[in-house]
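J.: Using only what follows, build the 3D model:
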Amino acid sequence: MRIIRIIGYGFMALVLAGGWAFFYWQSSSVDLAAVDGARTALAELRAADTGWNQQLVNARLSARGAAPVPSPSLSARSPRYRLAYATLEVRALRLGNPPVGRELAQLKRAFEDKGALMARFAEAQAALAGARGAEPGGEVKIAEFQAIADAMFEQAWFSSTGPRLDTLARAIDRVFDEALTQTEIYRVGLLCYSGFLLAVLAFLVWSLDLRSRQLREANESLEARVKDRTRELSGALVKLKESEAMLIQSEKMSSLGQMVAGIAHEVNTPLAYVKSSLEAVGKSVPGVGRLAAAADRLLTLLSSESADETALAAQFAQVRALVEGLKGKTAGGDALEALERLVKDGLFGIGQISEIVTNLKNFSRLDRGMVGEFDLHEGIDSAIRIGQAQLQNRIVRREFGAIPPITCSPSQINQVILNLLSNAAQATREGEGTITVRTGMRGAAHVAVEVTDNGSGIPADVLPKIFDPFFTTKAIGKGTGLGLSVSYKIIENHGGKLEVQSKPGAGTRFTVVLPINPPAAPAA
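T.: Residues are numbered from 1 along each chain as shown. This next block holds a predicted model:
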């Protein structure tokens with residue numbers, strides 16, 4: 001719409017400018033040089049015609065014996081009138097008036113006819129002069145030549161060159177007067193049109209000034225509204241970021257809850273070893289303590305020189321009874337060996353718990369910097385061990401290729417891998433699911449991690465939405481819809497890509513592509 005309006009304004013300006021140019025051109029269209037040149041050429045032709053007439057008069061006077069009036073010769077007049085006529089023709093045709101053209105053609109014929117008559121008159125005069133200078137008795141020829149000369153004189157003297165010159169002069173004057181009148185009209189029109197243009201220009205200046213004031217006021221109002229809107233949007237953005245952070249934290253806590261549930265399951269078995277061993281040792285410790293006290297009293301009596309035989313016998317009997325009592329409480333009959341086995345069982349359980357804690361520490365990388373070199377294979381193994389509770393009753397295959405360590409945030413990459421493993425486990429059935437984790441190079445500067453499952457797959461209409469925040473196909477309360485969205489953002493911040501291929505009924509493959517050395521350190 002704006003372009004059409006601009007084109008319309010441009011067309012209006014062009015029309016107004018064209019109108020002014022038309023009036024200006026018409027007001028200065030009188031060719032004064034052409035009029036003056038035509039008049040000069042007419043004067044020359046009139047002089048030529050007057051010269052011819054003077055020659056006729058001189059010839060008549062000479063025939064009657066009178067002294068002739070000096071005048072140019074006939075042969076000298078012919079080129080002059082032709083040159084003058086050519087000039088007149090050029091000037092007159094520039095006036096662009098048809099009647100002038102017609103009069104010019106008639107004038108040309110009149111001059112050509114008179115020129116021919118003048119030539120014949122000269123021939124007759126010459127023949128007459130020759131007859132008079134011949135032998136006597138030639139009066140008949142003289143009379144004949146005289147008659148011819150008189151006839152040529154009459155025709156030449158009364159030729160229409162003079163009237164034609166007068167008619168053409170009046171036509172040129174009339175054309176000139178009409179052109180002057182028309183030019184004056186156009187000059188008045190030009191003056192009025194210029195006044196109209198000035199009025200239009202004044203209106204445009206006033207309108208432009210009004211629009212400028214309105215635009216300035218609108219800009220001031222718009223700036224105020226923009227500031228208010230910016231404050232509102234800034235507040236909304238802050239709240240949105242807070243909400244996003246809370247939701248992301250909720251997703252992390254959800255993942256953490258699943259991970260803690262798996263770790264609790266893994267820790268429960270070795271913890272039972274430790275508890276059972278410690279309870280058995282706790283039951284045996286009081287008897288051993290009593291045996292040690294009785295043995296100590298027996299040693300005291302034996303080391304005494306005045307020991308009573310009866311007391312020694314009673315103390316020996318007590319020690320023997322305590323030893324028999326300890327033997328009776330152990331399956332193998334050796335109390336010390338039993339205690340040693342219990343301690344070993346407890347230490348074995350503690351070792352398993354320590355291994356789980358080490359895996360958890362390796363998974364979270366809390367003991368390392370946020371960004372550093374990372375062995376993806378080590379991270380995958382840690383993620384599989386941490387997610388063992390979710391991956392139980394499913395076959396997990398590792399197909400590791402030769403890849404170098406990469407620079408990344410290990411805890412974030414572990415979170416992505418664990419999330420992909422968790423999704424693969426949820427997409428497969430217990431006892432039938434197979435999850436394959438494959439690594440390899442993607443070109444010379446990138447590595448790829450593929451997590452493939454043989455689950456139900458993702459429908460084609462859902463596939464484009466799986467990375468959208470808050471989108472989930474799980475039941476209410478089962479997921480926040482942020483797992484894949486957060487994973488996608490993490491991989492994107494590392495300068496990589498998260499790709500997905502899925503076929504309903506056949507399974508899904510997620511591919512994580514990461515640069516070996518990212519262009520910039522990923523955000524923590």
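
J.: all strands of the stretch 151-300 of the chain, in order?
T.: Under the criterion DSSP state E, counting those that start in this stretch, the stretch 151-300 of the chain contains no strands.

J.: Sketch out the low-pLDDT regions of it for me.
T.: 244-277, 280-281, 283-285, 287 (pLDDT under 70).

J.: Which stretches in the stretch 151-300 of the chain count as helices?
T.: For the stretch 151-300 of the chain, applying DSSP state H, counting those that start in this stretch gives helices covering 161-303.

J.: repeat for the chain
T.: 2-27, 32-63, 74-93, 98-132, 139-157, 161-303, 309-329, 335-364, 376-386, 388-391, 410-427, 483-493 (DSSP state H).

J.: Could you count how many residues lie near the closest residue to Glu499 other than its chain neighbours?
T.: Excluding the flanking residues, the one nearest Glu499 by CB to CB, 6 or more residues apart in numbering is Thr511, at 4.3 Å. In this view, the C-beta of every residue, glycine as well, is placed from N, C-alpha and C. Number of residues near Thr511 (other CB atoms under 10 Å) recorded here: 17.

J.: looking at the helices of the chain, which is closest to Met441?
T.: helix 376-386 (11.6 Å; CB to CB).

J.: Can you mark which positions in that closest one are buried?
T.: Neighbour-count burial for helix 376-386 flags 376-377, 379-386 (criterion: 16 or more other CB atoms under 10 Å).

J.: packing partners for that helix?
T.: helix 161-303, helix 335-364, strand 395-399, helix 410-427, strand 434-442, strand 446-453 (3 or more CB pairs under 8 Å, 6 or more residues apart in numbering; DSSP states H and E).

J.: rerun that using 6 Å as the cut-off
T.: Judged by 3 or more CB pairs under 6 Å, 6 or more residues apart in numbering; DSSP states H and E, the packing partners of helix 376-386 are helix 335-364, helix 410-427.

J.: These: lowest mean pLDDT?
T.: When the helices and strands packed on helix 376-386 are ranked by mean pLDDT, helix 335-364 comes last with a mean of 67.

J.: Can you pull the domain assignment for the protein?
T.: Following automatic domain parsing, one gets these domains for the chain: 2-204, 244-357, 365-515.

J.: Would you format the ones you listed as a markdown table with distance to Leu233 included?
T.: Formatted as a markdown table, the domains of the chain follow (distance: least, CB to CB, whole Å):
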| stretch | distance to Leu233 |
| --- | --- |
| domain 2-204 | 27 |
| domain 244-357 | 15 |
| domain 365-515 | 19 |
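
J.: which one of those lies closest to Ser234?
T.: Counting by CB to CB, Ser234 lies closest to domain 244-357 out of the domains of the chain; the figure is 15.3 Å.

J.: quick one on the thing from earlier: the domains of the chain: which one's closest to Ala224?
T.: Nearest to Ala224, of all the domains of the chain, is domain 2-204, at 25.3 Å by CB to CB.

J.: ok, the nearest residue to Pro405 once chain neighbours are set aside to Ala445 distance?
T.: Among residues not flanking Pro405 along the chain, Glu373 sits closest, at 4.4 Å (CB to CB, 6+ apart). Distance, Glu373 to Ala445, by CB to CB, to the nearest Å: 15 Å.

J.: Which of those two has more residues huddled nearby?
T.: Taking Glu373 and Ala445 together and counting by other CB under 10 Å, Glu373 has the greater number of neighbours (13 against 9).

J.: in terms of contact, does Pro99 touch Arg170 like I think?
T.: No - under the criterion of CB atoms under 6 Å, Pro99 makes no contact with Arg170, lying 10.2 Å away.

J.: number of nearby residues for the residue lying closest to Arg46 once chain neighbours are set aside?
T.: Excluding the flanking residues, the one nearest Arg46 by CB to CB, 6+ apart is Leu165, at 5.4 Å. For Leu165, the count of nearby residues is 21 (other CB under 10 Å).

J.: Looking at the domains of the chain, spot the one closest to Arg216.
T.: Closest among the domains of the chain, using CB to CB: domain 2-204, at 18.1 Å.

J.: what about the closest one, distance to the chain center?
T.: Centroid displacement of domain 2-204 relative to its chain, using CA atoms, centre = their mean, to the nearest Å, is 71 Å.

J.: Also stretch 225-241?
T.: 27 Å.

J.: Dump stretch 204-217 to PDB, restricted to CA.
T.: Extracted C-alpha coordinates of stretch 204-217, given in PDB (Å, rounded to 0.1, in the frame of the first residue of the first chain):
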ATOM      1  CA  LEU A 204       2.400  20.700   1.000                       C
ATOM      2  CA  VAL A 205       4.800  22.600   3.300                       C
ATOM      3  CA  TRP A 206       2.000  23.200   5.700                       C
ATOM      4  CA  SER A 207       0.900  19.600   5.500                       C
ATOM      5  CA  LEU A 208       4.400  18.400   5.900                       C
ATOM      6  CA  ASP A 209       4.900  20.600   9.000                       C
ATOM      7  CA  LEU A 210       1.600  19.300  10.400                       C
ATOM      8  CA  ARG A 211       2.600  15.700   9.700                       C
ATOM      9  CA  SER A 212       6.000  16.400  11.200                       C
ATOM     10  CA  ARG A 213       4.500  17.700  14.400                       C
ATOM     11  CA  GLN A 214       2.000  14.800  14.500                       C
ATOM     12  CA  LEU A 215       4.900  12.400  13.900                       C
ATOM     13  CA  ARG A 216       7.000  14.000  16.600                       C
ATOM     14  CA  GLU A 217       4.100  13.700  19.100                       C
END
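
J.: doesn't Ala48 make contact with the residue nearest to Arg46?
T.: No - taking contacts as CB under 6 Å, Leu165 lies outside contact range of Ala48: 9.9 Å.

J.: hey, which of the helices of the chain is tucked in deepest?
T.: Highest mean neighbour count of the helices of the chain: helix 410-427, a mean of 23 (counted as mean count of other CB atoms under 10 Å).

J.: and that one, how far from the chain's centre?
T.: 38 Å.

J.: Show me what that helix is packed up against.
T.: Looks like helix 410-427 contacts helix 376-386, helix 388-391, strand 446-453, helix 483-493 (3+ CB pairs under 6 Å, 6+ apart).

J.: Worst mean pLDDT among those?
T.: helix 388-391 (a mean of 79).

J.: quick check, distance from it to the centre of its chain.
T.: The mean C-alpha position of helix 388-391 is separated from the chain mean by 49 Å, CA atoms, centre = their mean.

J.: quick one: contacts for Phe374?
T.: Residues in contact with Phe374 (CB atoms under 6 Å, 6 or more residues apart in numbering) are 406, 408, 410.

J.: need those residues in a markdown table with distance to Val15, can you?
T.: Formatted as a markdown table, the contacts of Phe374 follow (distance: CB to CB, whole Å):
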| residue | distance to Val15 |
| --- | --- |
| Ile406 | 71 |
| Cys408 | 69 |
| Pro410 | 75 |
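
J.: and which of those is nearest to Phe467?
T.: Cys408 (19.7 Å).

J.: and the closest one, bridged to which residues?
T.: Beta-bridge pairing of Cys408 under DSSP bridges involves Gly372.

J.: What pLDDT does the model give it?
T.: In this model, Cys408 is scored at 89, pLDDT.

J.: Please work out how many residues are found near it.
T.: Neighbours of Cys408 (other CB under 10 Å): 29.

J.: For it, give its distance to Asp113.
T.: From Cys408 to Asp113 the distance is 115 Å (CB to CB).

J.: hang on, the earlier thing: of all the helices and strands packed on helix 410-427, which lies closest to Phe23?
T.: helix 483-493 (69.3 Å).

J.: Relative to the whole chain's centre, how far out is the closest one?
T.: Here the centre of helix 483-493 is set off from its chain's centre by 28 Å, with CA atoms, centre = their mean.

J.: and the angle from it to helix 161-303?
T.: 110 degrees (axes from the mean of the first three to the mean of the last three CA atoms, to 10 degrees).
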